[in-house]
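Visitor: I'd like to go over a predicted model; first the sequence, then the structure.
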Amino acid sequence: MEESDYITTNYSAFEIVMYVHELHIRGYEQLRLMAGMSPSGLYWRWFIYPKVFMIHGNHFEHNCEGVPFRCLRSSTSKDYPKDRELIPVDDFVKGYENYFDFAKGKDTEYIKWFETIVNHAQDHDFPIAYEEYFSAEQWKFMSGEDLSYPPFESASTDGLSDEQIIEYAKYTFNYDSIKELDDILTYDGLKMNQHEIADVIRQAIKENKGLISHLDVYDTNRLNLIAWGNNS
């Protein structure tokens, strides 16, 4: 990824909701938003992620135990920027184009659900999936109005290109697996090509194994690694 996944620009809550909405209109319907309040109640914490990152389901959207993958995220104390102009969505997207490409595709049910969030944002009323002492069986808005859990249909990585599946691993695999992947990609010896690496990642996803820590990725065991990756 080209930039840090933690956004340092202090976007307002209104801008974040409108960015997701605008990207939906542009065809990135599989882009999702989760947000909640910091323990102090002063900051609205937001997370933006493609549905394809959720191949193991949307349990975290219901239980709010932390987003189980790397994604664009930050927090803000501003509901609307009163001291500056709204920042254009293209400025928000800049540097993260490959990230947002993961969200291309239709998700009609989610778009319909998100319209409620867009409408409430016009009144500076924003969604809350979690906060201190909040454990209801749904989300809510800052105003206290209930908001149903976001709809979800199963996601799949089947349509991702070799290049995308390698990038996908950098967001969704655990730290040790990402480090191992970086070692593979930067190794100076006998190199695997992009398709071979992608096939190893696809098999790791299929087996739900993070990556390939149980195999030597270099030299003598390289053919075994490739065979494991190609195995269906």
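Guide: Sure thing, it's come through. Numbering: from 1, shown residues only.
Visitor: C-alpha only now, for contacts and for neighbours.
Guide: Fine.
Visitor: domains of the protein?
Guide: Listed domain ranges for the chain are 13-147, 162-230 (source: automatic domain parsing).
Visitor: dump the ones you listed to CSV, plus mean pLDDT.
Guide: As requested, the domains of the chain are exported to CSV (pLDDT from 0 to 100):
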stretch, mean pLDDT
domain 13-147, 93
domain 162-230, 71
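Visitor: out of the ones you listed, the one nearest Y6 is which?
Guide: Distance to Y6, taken as CA to CA, is lowest for domain 13-147 among the domains of the chain, at 5.2 Å.
Visitor: how far away is the spatially most central residue of the chain from F102?
Guide: Nearest to the mean C-alpha position of the chain, by CA atoms, centre = their mean, lies Y49 at 2.6 Å. Separation of Y49 from F102 (CA to CA, to the nearest Å): 9 Å.
Visitor: what's the answer for D146, then?
Guide: 30 Å.
Visitor: same check on D90?
Guide: Distance, D90 to F102, using CA to CA: 17 Å.
Visitor: out of these two, which sits in the more crowded spot?
Guide: Neighbour totals were compared for D90 and F102, and F102 leads with 22 against 12 (other CA atoms under 10 Å).
Visitor: the closest residue to the more buried one other than its chain neighbours: what's it in contact with?
Guide: Closest residue to F102 apart from its sequence neighbours, by CA to CA, 6 or more residues apart in numbering: P50 at 5.9 Å. With contact set as CA atoms under 8 Å, 6 or more residues apart in numbering, P50 has these partners: Q30, L31, R32, F100, F102, A103.
Visitor: quick revisit: who does the host helix or strand of the residue nearest to the centre of the chain pair up with?
Guide: Assigned by DSSP states H and E, Y49 belongs to strand 44-50. Sheet pairing of strand 44-50 (DSSP bridges) gives strand 31-37 (antiparallel), strand 72-76 (antiparallel).
Visitor: from the chain's centre, how far out does the first one sit?
Guide: Think strand 31-37. Chain-centre distance of strand 31-37: 10 Å, with CA atoms, centre = their mean, to the nearest Å.
Visitor: next one: the last one
Guide: Computed by CA atoms, centre = their mean, the chain-centroid distance of strand 72-76 equals 12 Å.
Visitor: give the next helix or strand downstream of that strand.
Guide: Counting by DSSP H and E, the next helix or strand C-terminal to strand 72-76 is helix 89-93.
Visitor: from the contact counts, what lies against that following helix?
Guide: helix 13-25 (3 or more CA pairs under 8 Å, 6 or more residues apart in numbering; DSSP states H and E).
Visitor: nearest to I166, of the contacts of P50?
Guide: When the contacts of P50 are compared for distance to I166 (CA to CA), F102 wins out at 12.1 Å.
Visitor: and I197, its phi and psi?
Guide: Main-chain torsions, I197, degrees, to the nearest 10: phi -60, psi -40.
Visitor: so it makes contact with I166?
Guide: Yes: with contact defined as CA atoms under 8 Å, I197 reaches I166; the gap is 7.5 Å.
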